[in-house]
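Asker: Structure of the sequence below:
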Amino acid sequence: MNIDVRGQNLSLPDSLRIGVHDFKVVDNHPFRERSDLSGQCDHGTREIRIRRLDSGGCVVSGTNLLVTYLHELLHAIDRVYGDGTVTDGDKGELAISCLSEGLAQVLIDNGMMVIGEQRAVVDQIEKGKA
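Answerer: Okay, the predicted model is just below:
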């Protein structure tokens with residue numbers, strides 16, 4: 001999944017291993033059943049779904065896509081490792097939203113996100129070819 005964040009191309013994984021579970025990231029999911037959703041983590045199908053258009057049909061910014069990606073990732077982590085202890089609380093959704101916004105800001109502003117051509121170098125290192 002590629003997104004533009006502050007003028008830089010950011011490559012996010014299309015699949016994630018969380019615990020022993022492999023989650024597929026579904027990019028630009030249409031959410032026909034609910035137009036107000038921007039993302040969703042489905043633990044049954046092991047899918048993280050991200051929508052690139054808002055409910056009015058406008059393109060979502062790259063930073064908002066990153067926050068949504070991290071938000072749904074945190075839901076998956078909470079379900080796998082904590083059996084939903086964060087999300088199931090009365091302020092669980094707010095906690096996940098706060099953490100995803102904060103995490104996105106810290107990762108971006110401190111140069112911790114792998115951007116553009118750097119991703120190719122990291123991929124080569126991980127495959128033992130560099």
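
Asker: for the longest helix along the chain, packing partners?
Answerer: The longest helix of the chain (DSSP state H) is helix 62-82. Counting contacts by 3 or more CB pairs under 8 Å, 6 or more residues apart in numbering; DSSP states H and E, helix 62-82 packs against strand 2-5, strand 15-18, strand 21-27, strand 39-42, strand 47-50, helix 92-109. Any C-beta I mention is one placed from the backbone N, CA and C, and that applies to glycine too.

Asker: rerun at 10 Å
Answerer: With contacts taken as 3 or more CB pairs under 10 Å, 6 or more residues apart in numbering; DSSP states H and E, helix 62-82 sits against strand 2-5, strand 8-11, strand 15-18, strand 21-27, strand 39-42, strand 47-50, helix 92-109.

Asker: which stretch in the ones you listed is the model least sure about?
Answerer: For the helices and strands packed on helix 62-82, mean pLDDT drops lowest on strand 8-11, to a mean of 83.

Asker: Buried residues of that one, list them for me.
Answerer: Buried residues in strand 8-11, defined by neighbour count with 16 or more other CB atoms under 10 Å: Leu10, Ser11.

Asker: on contacts alone, who are the packing partners of it?
Answerer: If you count contacts as 3+ CB pairs under 10 Å, 6+ apart, strand 8-11 packs onto strand 2-5, helix 62-82, helix 92-109, helix 117-126.

Asker: Good, wrapping up.
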